[in-house]
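S.K.: this is a predicted model, with the sequence first.
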Amino acid sequence: MRSNYPFNCWYVAATSVEVGQGLLARRLLDRPVVLYRRSSGDVVAMEDRCVHRAYPLSAGRRDGDRLVCGYHGFAYEPDGCLVDVPSQENVPPGARVRSYPVHEQPPFVWIWLGDPGVAALRPPPRVPWYADGTGWGSTIEVLRVEANYLLLHEHYLDLTDVFVMHPEAVPPDIEVLPPLDEVEVSERSVSYGRVTPPSRLAGWEAQVTGLPAETVGIRREEGTFVSPGLHVQHYVIDSEDRRAYELLRIQGFTPESPAATHVFLQMARNYATEDDHVAEFLRAMFGDWALRDSAVLASIQRRLGEEAVPRRDINVKADRAAVRARRIAMEMVDEETGRFALNRILATS
Ligand code: FES
């Protein structure tokens, strides 16, 4: 299967907690990567393949800030330079593994696997809840879905599946989801918004906010495809008590391969911020929903994999944001491969 993700893009490689003194092996954009923390605390990301033979460096060991291969003991500096070959005095000139730009913005560690010269020009997306948790309680999850990353983006840009897949999530007085109020498109992002009519609270809403189930509120829902590597959903209950109960799902989608995706999920809320029971309830509930979503997306991925010739899906109005997001991602891919310029020339000739 051909890859459909841009390399010139920041993706989440790991959560801050996952990267420590040990060696973390992870496949990202179909490349083997090893991550660790230097003694200064900075995160290092390198190609997980020794230059001598193809032994994974993640199976080796640390020697201070250096990484030592577990087969014949070649040693590498954090910038990827080979600096020691135990069986001889000199090292082959210029020998190195690739090291990758990383940027830590807790709770996530971002990585750039594309052209290193472009990385500095495009800083990782900033989401204010990353840097400053003041006034917010949050939980972090790492999941893996056996589906292409665009299937995940599309899934979260069209929430009309909720009535079918997660009916218990829908407030009791809502029978149809209103259409998207707006779909805003910039060069690299897509946002949608929707406001639902007044309704009593769904069971889970009452449970996490602590409000009586008879409370009536409207929901403001926004979702943004920030980049191919990041999707942010904002769910707000404006209740009778004039308070806005906000829930954010910040999801890093990082292709493991064309057919599998790492999901780094931060859920942040501005209510019950210190309440561990609420945190656990939300974690378990969204975890259960994620399992159902994953199973569906994996089934679609398998079916797509069976098709010798790709077929064209039919789109409906609810797919508006998803279609835009796919187009942006594919334009970024085409731009990298030079096809974008060619398509422009063909379109204007
Ligand atoms: S394979 Fe790494 S040192 Fe030989």
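M.R.: Yep, that arrived.

S.K.: for stretch 64-75, give the mean pLDDT please.
M.R.: If you average the pLDDT over stretch 64-75, you get 98.

S.K.: for that stretch, measure first residue to last.
M.R.: The first and final residues of stretch 64-75 sit 11 Å from each other (CA to CA, to the nearest Å).

S.K.: so residue 125 sits against residue 10, correct?
M.R.: Yes - using CB atoms under 8 Å, residue 125 is in contact with residue 10, at 6.9 Å. For the C-beta atoms, the positions are set from N, CA and C on the backbone; glycine is no exception.

S.K.: common neighbours of these two, please.
M.R.: 227, 229 (CB atoms under 8 Å, 6 or more residues apart in numbering).

S.K.: most centrally placed residue in this structure?
M.R.: residue 252 (1.6 Å; CA atoms, centre = their mean).

S.K.: give the contact list for it.
M.R.: Contacts of residue 252 (CB under 8 Å, 6+ apart): 11, 12, 108, 229, 230, 262, 263, 264, 265.

S.K.: and those residues as JSON lines, adding distance to the ligand?
M.R.: Shown next, in JSON lines, are the contacts of residue 252 (distance: CB to the nearest ligand atom, whole Å):
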{"residue": "11", "distance to the ligand": "27"}
{"residue": "12", "distance to the ligand": "28"}
{"residue": "108", "distance to the ligand": "30"}
{"residue": "229", "distance to the ligand": "31"}
{"residue": "230", "distance to the ligand": "35"}
{"residue": "262", "distance to the ligand": "26"}
{"residue": "263", "distance to the ligand": "32"}
{"residue": "264", "distance to the ligand": "30"}
{"residue": "265", "distance to the ligand": "35"}
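
S.K.: would you list those in a markdown table and tack on neighbour count?
M.R.: Compiled in a markdown table, those are given as follows (neighbours: other CB atoms under 10 Å):
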| residue | neighbour count |
| --- | --- |
| 11 | 27 |
| 12 | 26 |
| 108 | 26 |
| 229 | 24 |
| 230 | 25 |
| 262 | 21 |
| 263 | 20 |
| 264 | 24 |
| 265 | 21 |
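
S.K.: got those residues as JSON lines, with distance to residue 155, pLDDT and secondary structure columns?
M.R.: Listed next are these as JSON lines, based on distance: CB to CB, whole Å; pLDDT from 0 to 100; DSSP: H, G, I helix; E, B strand; the rest coil:
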{"residue": "11", "distance to residue 155": "18", "pLDDT": "97", "secondary structure": "strand"}
{"residue": "12", "distance to residue 155": "18", "pLDDT": "97", "secondary structure": "strand"}
{"residue": "108", "distance to residue 155": "21", "pLDDT": "93", "secondary structure": "strand"}
{"residue": "229", "distance to residue 155": "16", "pLDDT": "96", "secondary structure": "coil"}
{"residue": "230", "distance to residue 155": "15", "pLDDT": "95", "secondary structure": "strand"}
{"residue": "262", "distance to residue 155": "15", "pLDDT": "98", "secondary structure": "strand"}
{"residue": "263", "distance to residue 155": "11", "pLDDT": "97", "secondary structure": "strand"}
{"residue": "264", "distance to residue 155": "16", "pLDDT": "96", "secondary structure": "strand"}
{"residue": "265", "distance to residue 155": "13", "pLDDT": "93", "secondary structure": "strand"}
